[in-house]
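Asker: Curious how this folds, go ahead:
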Amino acid sequence: MLKSKIIAKRVRDERLRKRIRDRVKGTPDRPRVHVFKSNAYVYLQVIDDSAGTVLLTASTLEKDLREKSKSAKNKKVSGLLGETLGKRLKAKKIEQVVFDRGVYPYHGRIKAVAEAMRKEGIRF
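Answerer: Sure thing, here's the model as predicted:
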């Protein structure tokens with residue numbers, strides 16, 4: 001029973017991921033910010049889908065973020081992560097992005113990342 005629930009969730013997530021990726025595309029002018037959230041950490045990648053390259057990355061595993069907070073899985077650290085990525089995007093002169101939340105609902109840590117990026121002046 002448990003195994004079939006896990007398989008069903010994976011199949012559902014894969015279908016949702018494909019449906020979102022059909023609509024959300026990154027370009028050189030407006031790259032895609034993809035979010036992956038594990039139980040412990042949040043990972044962000046800025047991707048140019050036309051070239052198939054990763055332009056920037058950020059995660060809560062980074063040393064400066066780990067020093068600022070004890071836990072890496074709360075909204076405060078996710079907000080700091082969004083600010084960090086926003087500053088890196090500004091340094092690369094990228095003002096607009098497409099936000100790809102993946103299969104995760106837009107609340108909690110995902111929402112904190114997006115709001116912090118907007119606060120840094122990144123539009124999406």
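Asker: List the residues that contact Lys73.
Answerer: Asn39, Ala40, Tyr41, Val42, Thr60, Arg109 (Cβ atoms under 8 Å, 6 or more residues apart in numbering). Using the backbone N, CA and C atoms, a C-beta is placed for each residue, glycine as well.
Asker: any idea whether it is helix, strand or coil?
Answerer: Assigned by DSSP: H, G, I helix; E, B strand; the rest coil, the conformation of Lys73 is coil.
Asker: Just the buried residues from the contacts of Lys73, in ChimeraX please.
Answerer: Applying 16 or more other Cβ atoms under 10 Å to the contacts of Lys73, the buried members can be selected in ChimeraX as follows:
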select :41,42,60,109
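Asker: Out of the contacts of Lys73, which sit inside helices?
Answerer: Arg109 (DSSP state H).
Asker: can you give me the offset of the lowest-mean-pLDDT helix or strand in the chain from its chain's centre?
Answerer: For the chain, the helix or strand with the lowest mean confidence is helix 63-68, at a mean of 88 (criterion: mean pLDDT, DSSP states H and E). In terms of Cα atoms, centre = their mean, to the nearest Å, the centre of helix 63-68 is set 18 Å apart from its chain centre.
Asker: buried residues in the next helix or strand after it?
Answerer: Helices and strands here follow DSSP states H and E; after helix 63-68, the next one along the chain is helix 75-91. For helix 75-91, burial by neighbour count (16+ other Cβ under 10 Å) applies to 75, 77-86, 88-89.
Asker: Adding pLDDT, write those residues out as JSON lines.
Answerer: Listed next are those as JSON lines, based on pLDDT from 0 to 100:
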{"residue": "Lys75", "pLDDT": "92"}
{"residue": "Val77", "pLDDT": "94"}
{"residue": "Ser78", "pLDDT": "94"}
{"residue": "Gly79", "pLDDT": "95"}
{"residue": "Leu80", "pLDDT": "95"}
{"residue": "Leu81", "pLDDT": "96"}
{"residue": "Gly82", "pLDDT": "96"}
{"residue": "Glu83", "pLDDT": "96"}
{"residue": "Thr84", "pLDDT": "96"}
{"residue": "Leu85", "pLDDT": "97"}
{"residue": "Gly86", "pLDDT": "97"}
{"residue": "Arg88", "pLDDT": "97"}
{"residue": "Leu89", "pLDDT": "97"}
